[in-house]
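J.: show me how the following folds:
(one chain, ligands or ions: 2)
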Amino acid sequence: MRILITGGAGFIGSHLCDRLLDDGHEVIAIDNLSTGNMDNIAHLFGNERFSFIKHDVTNYVYVSGPLDAVLHLASLPSPVDYLEKPIQTLKVGALGTHKTLGLAKAKQARFLLASTSEVYGDPLEHPQPEEYWGNVNPVGPRGVYDESKRFAEALTMAYHRAHGIDTRIVRIFNTYGPRMRLDDGRVVPNFLRQALRGEPLTVYDDGSRTRSFCYVSDLVEGIVCLLHSDEIYPVNLGNPNEMTIHEFAKRVLDVSGSRSAIAFITPKDERTKDDPQTRRPDITKAQRVLGWTPKVSLDEGLGRTVAWFRSRV
Ligand code: NAD
Ligand code: UDP
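T.: Numbers count the residues shown, from 1 in each chain. Ligands and ions are numbered 1, 2, ... in the order given. Prediction:
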């Protein structure tokens, strides 16, 4: 297949480029490098089946030749980034999805949208199945990300219904691994950076909010299964192993062997406003439809991620 990946120089996008090239496909990555990094794909430049286009996908996207699939991952997914760049976040979710769906239509290509567990907002159902419609505050600070992804899902379904485009929607839950940006502000890079520098781990508020962390190779495997499946409606991909952020901080200290303290702090900006209190994917559908289940334990995944961070901190 000849596959286009937007956000291809990002954390998940670059791992997906690796995997699809390994599977024998031709891959074109598009990225404007706003949160992505050329280091993530530098090793691919010798591969004649790989190419890179630096471009902002909120503008018209031109790609010459045929395409079999368009995977739209471009986004500003870290709370710190989308609080800083709210309009750009809305644009990449809305206009970027419109442009890439238009491209998929022109090329008669399959389209896969990287959506998010944030479409469930601060969930009133636990764990979250795909049938749950969510609890999102459209005018809160997180609304720019959440609503852009909800719009992106609606637009994807509209292109499927109105134009017959073969579409897929993956709702990604917290995923971590090597190549996360050290300063992207998400909890995994923050804690690992702090642990490796011997600084206190900044647990926000009382640390009782929960998340469920999935290692990147498991997620990539799930995305590939979904791409090759016939499932049109959204599919959750994540690891249901849920814990509080306080527990997670202790696991990071254990795995990294760090003696850092844990500091409970209340951020002065809006980063914890509407912060979901709990989050855990119901992955029954992914197991049934894709035969997929995550395999990498938290200790194993964190161990690999610590090793990567250690060489960079
Ligand atoms: P990332 O920031 O590493 O990757 C996003 C990429 O998109 C970056 O390389 C960035 O430069 C690029 N980008 C942003 N705006 C762009 C634009 N206008 N034009 C072109 N490129 C642009 O983040 P990630 O964690 O790899 O996220 C990848 C996708 O997965 C995103 O769509 C995100 O919403 C989704 N997701 C990730 C997680 C997670 O836990 N990592 C959870 C839920 C959803
Ligand atoms: N968090 C924290 N300390 C940090 C960064 C994040 O306690 O240094 C918390 C944050 O408030 C949230 C959880 O960790 O409850 C996960 O945050 P992240 O930014 O990774 O992503 P989210 O799941 O909120 O999209």
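
J.: which positions in the protein make contact with ligand 1?
T.: 6-7, 9-13, 30-36, 56-58, 73-77, 92, 96, 114, 116-117, 172, 174-175 (C-beta under 6 Å from any ligand atom). The way it works is simple: take the backbone N, C-alpha and C, and place the C-beta from them, glycine included.

J.: now, those that are in strands?
T.: Members of these lying in strands (criterion: DSSP state E): 6, 30, 31, 114, 116, 172, 175.

J.: what about ligand 2: which of the residues you listed touch it?
T.: Checked against ligand 2 using C-beta under 6 Å from any ligand atom, these give no members in range.

J.: out of those residues, which one sits closest to ligand 2?
T.: residue 116 (8.0 Å; C-beta to the nearest ligand atom).

J.: can you give me the neighbour number for the closest one?
T.: Taking other C-beta atoms under 10 Å as the criterion, the count of residues near residue 116 is 22.

J.: phi, psi for the closest residue in space to residue 291 that isn't next to it in sequence please.
T.: Distances taken as C-beta to C-beta, 6 or more residues apart in numbering place residue 225 nearest to residue 291, at 7.1 Å, with adjacent residues excluded. For residue 225, the backbone dihedrals (degrees, to the nearest 10) come out as phi -60, psi -40.

J.: near ligand 2, which residues of the stretch 201-313 of the chain show up?
T.: So the stretch 201-313 of the chain meets ligand 2 at 202, 203, 204, 209, 211, 245, 272, 275 (C-beta under 6 Å from any ligand atom).

J.: give the bridge partners for the closest residue to ligand 2 within the stretch 201-313 of the chain, please.
T.: The stretch 201-313 of the chain approaches ligand 2 most closely through residue 204 (3.5 Å), counting by C-beta to the nearest ligand atom. With DSSP bridges applied, residue 204 shows beta-bridge pairing to residue 265.

J.: mind checking how far it is from residue 298?
T.: Note on residue 204: its distance to residue 298, by C-beta to C-beta, to the nearest Å, is 20 Å.

J.: next: residue 181.
T.: For residue 181, the distance to residue 298 - C-beta to C-beta - is 21 Å.

J.: tell me the confidence at residue 271?
T.: On pLDDT, residue 271 comes in at 87.

J.: isn't residue 50 right next to residue 43, touching?
T.: No. Judged on C-beta atoms under 8 Å, residue 50 makes no contact with residue 43 at a distance of 9.7 Å.

J.: the more surrounded of those two?
T.: Remark: of residue 50 and residue 43, residue 50 carries more neighbours, 20 against 12, as counted by other C-beta under 10 Å.

J.: name the residues that touch the helix or strand where residue 146 lies?
T.: Per DSSP states H and E, residue 146 falls inside helix 143-163. By C-beta atoms under 8 Å, 6 or more residues apart in numbering, the surrounding residues in contact with helix 143-163 are 72, 75-77, 79, 82, 86-87, 89-94, 97-98, 101, 104-105, 111, 113, 115-116, 118-119, 121, 134, 136-138, 165-167, 169, 232, 234, 274.

J.: kindly report the same for stretch 266-275.
T.: Residues from elsewhere that reach stretch 266-275 (C-beta under 8 Å, 6+ apart): 79-80, 83, 121-122, 137, 140-143, 185, 204-205, 209.

J.: now list the buried members of the contacts of helix 143-163.
T.: 72, 75-77, 79, 82, 86, 89-94, 97-98, 101, 104-105, 111, 113, 115-116, 118-119, 121, 134, 136, 165, 167, 169, 234, 274 (16 or more other C-beta atoms under 10 Å).

J.: run through the helices of the chain in chain order.
T.: 11-22, 79-84, 86-107, 143-163, 187-197, 216-227, 245-256, 284-285, 298-310 (DSSP state H).

J.: any bit of the fourth one sitting next to ligand 2?
T.: Think helix 143-163. No. Figure legend: helix 143-163 not in contact with ligand 2 (C-beta under 6 Å from any ligand atom); closest approach 8.3 Å.

J.: next, the angle from that helix to helix 86-107.
T.: Relative orientation of helix 143-163 versus helix 86-107 (axes from the mean of the first three to the mean of the last three C-alpha atoms, to 10 degrees): 20 degrees.
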